[in-house]
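Trainee: Just need the structure, nothing else, for what follows:
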Amino acid sequence: MGIYLSTPKTDKFSEDGENSRLRFGLSSMQGWRATMEDAHAALPDLDSSTSFFGVYDGHGGKVVAKFCAKYLHQQVLKHEAYLAGDIGTSVQKAFFRMDEMMRGQRGWRELAVLGDKINKFTGMIEGLIWSPRGGDKNDQADDWAFEEGPHSDFSGPTSGCTACVALIKGNQLVVANAGDSRCVISRNGQAYNLSRDHKPDLEVERDRILKAGGFIHAGRVNGSLNLARAIGDMEFKQNKFLPPEKQIVTANPDINIVELCDEDEFVVLACDGIWDCMSSQQLVDFVREQLKSESKLSVVCEKVLDRCLAPTTASGEGCDNMTMILVQFKKPTPSGTSSDEKSSTSEEAEAEPKPAENES
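Mentor: Numbering: from 1, shown residues only. Model (predicted):
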């Protein structure tokens, strides 16, 4: 789907960062697509003890992805559940909050500010890449007050985005996903999917879609959207008698909480432009091989993007926008303790992450 360029745009936006617990690198590339609709957020210090990483893959325009990259992590911090230590609930509420915030005059205005073009008939807004810097303020007071104005009845954008985010606090990794972007962890070289792709033909998705009054045609919701969960896409969320989690398309994320152990090497978050070309295990193998000779994580990401880029648009695979974040855990090694001794400690009793379910 989408309009392709005659030659791909291979310029990349890349970034690296670290703190005492982890280091990260990321890269994004427009590729063959006529527009760049991915966005991302990488904040190693969301607060003093938590790191946040997210990839947002837009469709029908980039503005919802940009909106999420700017605001979703802020809403995680503001929810009372986060203050109580319940990261999973605070992230879930932040996903739903994005849809709420994009409605009305205030939502319309914020979307217009983020974009540089607005089509008043489709609601599609396009703009430049959005990536919040780690130094951005996250504690700005903002109650998102309702605003009176000509767009007070704005029901929200018809464009949307997937969202796959990972929060790391201590030894806990919390992954939230809505759509078909994916989070994968490498544990001793074995790939484990920490998210599930939300496609309309999955039984649980199909049941919700049909009960909400929608239909599936050619693998697409109402014949148009090839995702069963996404932020935005408000045309599929208009049933006033149903809660947000039961709408035809829902922003409700799957939440997966993993206790990290010494065998955990790195986490990858990436949009489907990557997973269309490589399986989870293939990507983990590729990254591990690259890390033997390359220390800069953004360069490893760039090599993945180059490997996935198709030589032509004939097949469609390798022609999508691509964004990848690589997060590597730092391993403190106490003096006198070898890595072999560490691997035989009680961490072996920890529950394994969910095995890769999305492999083709």
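
Trainee: ok, now which ones touch residue 328?
Mentor: By Cβ atoms under 8 Å, 6 or more residues apart in numbering, the residues touching residue 328 are 22-24, 265-266, 291, 297. To be clear about C-beta, it is placed using only N, CA and C from the backbone, and glycine gets the same treatment.

Trainee: strands paired with the helix or strand hosting it, and their directions?
Mentor: Assigned by DSSP states H and E, residue 328 falls within strand 322-329. If you go by DSSP bridges, strand 322-329 pairs up with strand 22-33 (antiparallel), strand 264-270 (antiparallel).

Trainee: before we move on, back to that, is it possible to export the contacts of residue 328 to a markdown table including neighbour count and pLDDT?
Mentor: Below are the contacts of residue 328 laid out as a markdown table (neighbours: other Cβ atoms under 10 Å; pLDDT from 0 to 100):
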| residue | neighbour count | pLDDT |
| --- | --- | --- |
| 22 | 17 | 96 |
| 23 | 18 | 97 |
| 24 | 25 | 98 |
| 265 | 18 | 96 |
| 266 | 21 | 97 |
| 291 | 16 | 96 |
| 297 | 27 | 97 |
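
Trainee: and residue 199, that's in a helix?
Mentor: No - looking at residue 199 with DSSP: H, G, I helix; E, B strand; the rest coil, it is coil, so not inside a helix.

Trainee: Give me the pLDDT for the closest residue to it other than its chain neighbours.
Mentor: Of all residues not flanking residue 199 in the chain, residue 228 sits nearest, at 6.2 Å (Cβ to Cβ, 6 or more residues apart in numbering). The per-residue pLDDT reported for residue 228 equals 97.

Trainee: rewinding a little: just the closest of the contacts of residue 328 to residue 173, please.
Mentor: residue 22 (10.6 Å; Cβ to Cβ).

Trainee: Pretty sure that closest one sits against residue 326.
Mentor: No - taking Cβ atoms under 8 Å as the definition, residue 22 is not a contact partner of residue 326, at 10.4 Å.

Trainee: which residue ranges form the helices in the stretch 51-200 of the chain?
Mentor: 63-78, 80-83, 87-101, 104-114 (DSSP state H, counting those that start in this stretch).

Trainee: angle of the helix or strand hosting residue 289 against strand 264-270?
Mentor: Assigned by DSSP H and E, residue 289 belongs to helix 280-291. Between helix 280-291 and strand 264-270, the angle comes out at 110 degrees (axes from the mean of the first three to the mean of the last three Cα atoms, to 10 degrees).

Trainee: And helix 280-291, what does it pack against?
Mentor: strand 182-187, strand 190-193, strand 264-270, helix 297-308 (3 or more Cβ pairs under 8 Å, 6 or more residues apart in numbering; DSSP states H and E).

Trainee: So for residue 66, which of the ones you listed sits nearest?
Mentor: strand 264-270 (17.1 Å).

Trainee: Now do the contacts for the residue nearest to residue 106 when sequence neighbours are not counted.
Mentor: Once flanking residues are discounted, residue 106 sits nearest to residue 147: 4.4 Å by Cβ to Cβ, 6+ apart. Shown in contact with residue 147 (Cβ under 8 Å, 6+ apart): 104-106, 109.

Trainee: Dihedrals phi and psi, residue 194?
Mentor: phi -100, psi 10 (degrees, to the nearest 10).

Trainee: What's the local residue count around it?
Mentor: Using other Cβ atoms under 10 Å, residue 194 has 26 other residues around it.

Trainee: So it is in contact with residue 185, correct?
Mentor: Yes - counting by Cβ under 8 Å, residue 185 is a contact partner of residue 194 at 5.7 Å.

Trainee: quick one: low-confidence ranges for the stretch 151-300 of the chain?
Mentor: Residue ranges of the stretch 151-300 of the chain with pLDDT under 70: none are present.
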